[in-house]
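[1] starting from these lines, generate the structure:
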Amino acid sequence: MKLTRAEVQRVAVLARLRLTDNEEAEFTEQLDHILGYMDKLNQLDSAKVEPFSHASAAANAFREDRVTNQPNAEALLANAPDRDATFFKVPKILE
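    Just a heads-up that it's a prediction; the model follows:
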């Protein structure tokens, strides 16, 4: 697959990049090599290869979710200057 300079320019416009002529030539060559490699990979027979989500076997290292500290409204509002039942009471700032 041969990537053209016009295609690189179009991608640069979509990505809002300003490329110099040297950068356009360099990216055209590099992206063409990448796409050529992808074509080689597409030629491989992968019908018998089972898909996987990670290269190595990894287990979940997170702990189980548990409530360890129930909120205590009285303790939380102990130092509140003003309150209404279990809510902070604050002065009105909008008219």
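[2] how far does stretch 80-92 stretch from one end to the other?
    Using CA to CA, to the nearest Å, one end of stretch 80-92 lies 16 Å from the other.
[3] tell me how far the helix or strand harbouring Ala6 is from the chain's mean position?
    Per DSSP states H and E: Ala6 is located in helix 5-14. Its chain's C-alpha centre and that of helix 5-14 lie 24 Å apart, by CA atoms, centre = their mean, to the nearest Å.
[4] buried residues in that helix?
    By 16 or more other CB atoms under 10 Å, the buried positions in helix 5-14 come out as Val8. Backbone N, C-alpha and C define where each C-beta goes, glycine included.
[5] could you do stretch 70-90 as well?
    Leu77.
[6] quick one: end-to-end length of it, please.
    By CA to CA, the extent of stretch 70-90 from end to end equals 25 Å.
[7] can you tell me the closest non-neighbouring residue to Thr86?
    Distance criterion CB to CB, 6 or more residues apart in numbering; nearest residue to Thr86, sequence neighbours excluded, is Ala73 at 4.2 Å.
[8] make sure the one you found is actually in contact with Arg83.
    No: between Ala73 and Arg83 there is no contact under CB atoms under 8 Å: 9.3 Å.
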